[in-house]
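Undergrad: I would like to see how this sequence folds:
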Amino acid sequence: MFDPVSREAGLVLNNLLLSVILGVVLIGTLYPLVAQGMGVQLSVGKPFFDKTIGPVALILMVALAFGPLLRWRSDDPRALLRRMRAPVAAALFALGMLVPFARGISVLPLIGLILAAALAVASILPLWGRNLRRTPLFTWGMVIAHLGVAVAVAGMASESAFTRERLVALHIGQGVQVGPYRVGFAGVRPEVGDNWSGIGGVLTVSRGGETVTLIPQQRYFSDPVTTTNESAILTVADGQLYTVLGERNPDGIAQLKSYLAKWLPELDDVLAFHSAQKHHGGTGAVYVMVRKSDRDKQHNREIHGSR
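TA: Below is the predicted model of the structure:
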């Protein structure tokens, strides 16, 4: 048997909380399928899992912070609290660092970041004051596993806390504020690759007096008929700006064709162009007749002359 304050009890609590999380995920995944079989259409999304799994995951984080510092079979609660001084200090330090940003952060990611800091410190405490060369492998495994959970939780909480997403429809010359960036829409331009054609949105990104240009693309493949979005990413020391062209609205096709009609006639090698048939992409693709080069003409003469 083991006492309630022991590493064995911590493992039992850990398994219990993980089982609860797995059960909630199972219910949230299967319930829409069962409801659909009964003729009811519903969806279970992020809000459901945030409200159900979020609190349980936070309790699990607290248990994981205590876990590496617990002793087997039995432990003294007062001694355990003394060993928790460093993780608590790390949590308070993280809270102090996050105070300037707390206005834009929801409660769940904020607590997640604080507990991730506490768990990271608690994970490495078993190595404190020990000869690292003689430390057993299972101790290293415990430290790495708990530290990995801390890093993962910090990443997930940071993604929820600091991500700013804007979905807007802009005309040429308009702009929008996305976090610390001012993103302006300068226009579109044609893009051509080896087996695709498309358009690129010219975006001017300004921050702190510096301006850069990003060109996310929307590419069209004719065989097979496929449309893909190629993002344009600006990476800086304190984060990334991710830009992508949205799906075309009913006016988007006309806009694309108007740009094609504008620049295709300006190319000397283009003889004619027309909207593609439906099985080749319809109004989302264009047939282009291109003038043969002198090399291709000579190649045709050699082929037909040899017959």
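Undergrad: and the closest residue to Gln217 other than its chain neighbours, what pLDDT?
TA: Nearest residue to Gln217 in three dimensions, chain neighbours excluded: Glu230, at 4.1 Å (CB to CB, 6 or more residues apart in numbering). Backbone N, C-alpha and C define where each C-beta goes, glycine included. Listed pLDDT for Glu230 reads 88.
Undergrad: Please apply the same query to Gly305.
TA: Per-residue confidence for Gly305 comes out at a pLDDT of 68.
Undergrad: just Leu260 next, same as before
TA: We note a pLDDT of 61 for Leu260 in this prediction.
Undergrad: Following the chain past the host helix or strand of Ile124, name the next helix or strand.
TA: Per DSSP states H and E, Ile124 falls inside helix 107-124. Using DSSP H and E, the next helix or strand after helix 107-124 towards the C-terminus is helix 137-162.
Undergrad: after that next one comes which helix or strand?
TA: Assigned by DSSP H and E, the successor of helix 137-162 is strand 175-178.
Undergrad: In the helix or strand that comes right after that next one, which residues are buried?
TA: Using DSSP H and E, the helix or strand that directly follows strand 175-178 along the chain is strand 181-192. Residues of strand 181-192 classed as buried under the neighbour-count rule (16 or more other CB atoms under 10 Å) are 181, 183-185, 188, 191.
Undergrad: Let me see the mean pLDDT of strand 181-192.
TA: Throughout strand 181-192, pLDDT has a mean value of 86.
Undergrad: outside of it, which residues touch it?
TA: Contacts made with strand 181-192 from outside it, assessed by CB atoms under 8 Å, 6 or more residues apart in numbering, are listed as 170-177, 197-207, 213, 215, 217, 219, 234, 241, 243, 255, 259-260, 263.
Undergrad: ok, that strand: who's next to it in the sheet?
TA: strand 175-178 (antiparallel), strand 197-207 (antiparallel) (DSSP bridges).
Undergrad: next SSE after the lowest-mean-pLDDT helix or strand in the chain?
TA: Every helix and strand of the chain was ranked by mean pLDDT, DSSP states H and E. The lowest is helix 250-263, at a mean of 54. Downstream of helix 250-263, the next assigned helix or strand under DSSP H and E is strand 270-275.
Undergrad: So for that following strand, mean pLDDT?
TA: Along strand 270-275, the predicted confidence averages to a pLDDT of 78.
Undergrad: Downstream of it, the next helix or strand is which one?
TA: Secondary structure here is assigned by DSSP H and E; on that basis, the next helix or strand after strand 270-275 toward the C-terminus is strand 286-290.
Undergrad: Which elements pack onto that following strand?
TA: Here strand 286-290 is seen to pack against strand 270-275 when contacts are counted using 3 or more CB pairs under 8 Å, 6 or more residues apart in numbering; DSSP states H and E.
Undergrad: by contact count, what packs against the strand it packs on?
TA: strand 286-290.
Undergrad: How far off centre is the strand it packs on?
TA: 38 Å (CA atoms, centre = their mean, to the nearest Å).
Undergrad: Report the buried residues of that strand.
TA: By neighbour count, and taking 16+ other CB under 10 Å as the criterion, the buried residues in strand 286-290 are 286, 288.
Undergrad: Next: stretch 141-156.
TA: 142-143, 146-147, 149-150, 153-154.
Undergrad: Need those in TSV (columns: distance to Thr52 and pLDDT).
TA: TSV is the format used below for the buried residues of stretch 141-156 (distance: CB to CB, whole Å; pLDDT from 0 to 100):
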residue	distance to Thr52	pLDDT
Met142	29	90
Val143	30	91
His146	24	92
Leu147	27	93
Val149	20	92
Ala150	23	93
Val153	17	91
Ala154	22	91
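Undergrad: I'm done for today, thanks for sticking with me.
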